[in-house]
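S.K.: Below: sequence and its predicted model.
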Amino acid sequence: MEQTSNRVNPALEKTSGWINGFIGVVIFSGSLPATRLAVLEFDPVFLTVLRAAIAGLCAVCLLWLFRERRPARNQWLSLVIVALGVVLGFPLLTALALQHVTSAHSIVFVGLLPLATAIFAVLRGGERPRPVFWIFSMLGSALVVGFALSQGLTASPTGDLLMLGAILACGLGYAEGAKLSRTLGGWQVICWALVLSLPLMALTSLWLAPASLRTISVSAWICLGYVSLFSMLIGFVFWYRGLAQGGIAAVGQLQLLQPFFGLALAATLLHEQVSVGMLAVTLGVILCVAGAKKFAR
């Protein structure tokens, strides 16, 4: 695993970026369905810290194996932001939200991830998108709010608010990690963020561990393994590497495919009902985010 080199053919580098980014999106698409199954038997807070602790131990092994140097002093703040966004914020908020809403319902909110990432890219990266960008941004947000209202906001306002918070946390973590990956390296960013979080996550896991885990089913353990190894670590290895190789604005658009993959998994694995309206809203959000991305620069 080597950091991006300027000697690599630019065309091949971009192609590799798209491939890595696509693999990352496919891996992330299974996160919400797997979390939905896991929180049926695991406490959501315990699940969050345990998955981060498992991934953190794997990250320590990777960094030791490849003898990576420690990040520079000016990179630690960005790593803290990445850790708060994608190691703690998004997993915890989605685990809590999925106690109130189905994974199919939550996946509609994932359609806002590219938009959230773009907004934080503006705030953190100093980009100045065209006015048309904000039109698409408001339209996409209106679709999501309208969908929540049409479902009856009183049914689970907590779940919807938690999902919105999760998207904001993840968007910030994506944007900050993508910016940092240009200098630190794609897979190194998530590994150092996990290592930074490991002491707290490991201690909290021991503190929150239930007296017995004998009642946990095999499927729940498999879901824990998936969200720990794939959602928390392996997916980011491909995702951040893809962003570094192919460009944040270009490869970031692959996130638009994630709701479709996620809805398919929710319907196939969890046998959840995916309504025509839900698909229409997801498609509308994707179109709005695609338009916003087009005018992001």
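M.R.: Here it is on my side, so go on. Residues are numbered from 1 along each chain as shown.
S.K.: From here on, just use CA atoms for contacts and neighbour counts.
M.R.: OK.
S.K.: for the stretch 101-250 of the chain, what spans make up the helices?
M.R.: Under the criterion DSSP state H, counting those that start in this stretch, the stretch 101-250 of the chain carries helices at the ranges 103-110, 113-125, 131-150, 157-184, 186-208, 218-225, 235-246, 248-251.
S.K.: for the longest one, packing partners?
M.R.: By that I understand helix 157-184. When contacts are defined as 3 or more C-alpha pairs under 8 Å, 6 or more residues apart in numbering; DSSP states H and E, helix 157-184 packs onto helix 76-82, helix 90-97, helix 103-110, helix 113-125, helix 186-208, helix 235-246.
S.K.: gap between the spatially most central residue of the chain and residue 248?
M.R.: Centroid check for the chain by C-alpha atoms, centre = their mean gives residue 170 as the closest residue, at 5.5 Å. Using C-alpha to C-alpha, to the nearest Å, we find residue 170 at a distance of 15 Å from residue 248.
S.K.: about what we covered before: got the helices of the stretch 101-250 of the chain as TSV, with distance to residue 29 and mean pLDDT columns?
M.R.: Output for these, formatted as TSV (distance: least, C-alpha to C-alpha, whole Å; pLDDT from 0 to 100):
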stretch	distance to residue 29	mean pLDDT
helix 103-110	9	76
helix 113-125	12	79
helix 131-150	19	79
helix 157-184	14	90
helix 186-208	18	95
helix 218-225	13	96
helix 235-246	10	84
helix 248-251	16	68
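S.K.: Could you say which of those is packed most deeply?
M.R.: Burial of the helices of the stretch 101-250 of the chain is given as mean neighbour count (mean count of other C-alpha atoms under 10 Å); helix 235-246 ranks first at a mean of 28.
S.K.: Which one of the helices of the stretch 101-250 of the chain lies nearest to residue 62?
M.R.: helix 186-208 (7.8 Å; C-alpha to C-alpha).
S.K.: thinking again about what came up before, with distance to residue 20 as extra columns, can I get the helices and strands packed on helix 157-184 in TSV?
M.R.: Compiled in TSV, those are given as follows (distance: least, C-alpha to C-alpha, whole Å):
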stretch	distance to residue 20
helix 76-82	20
helix 90-97	22
helix 103-110	20
helix 113-125	17
helix 186-208	11
helix 235-246	5
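S.K.: quick one: which of these is nearest residue 34?
M.R.: Among the helices and strands packed on helix 157-184, helix 103-110 comes nearest to residue 34, with 8.9 Å by C-alpha to C-alpha.
S.K.: Remind me what the closest one packs against, helices and strands.
M.R.: Going by 3+ C-alpha pairs under 8 Å, 6+ apart, helix 103-110 lies up against helix 31-38, helix 157-184, helix 258-269, helix 276-294.
S.K.: about what we covered before: so which of the helices of the stretch 101-250 of the chain comes closest to residue 79?
M.R.: helix 186-208 (5.3 Å).
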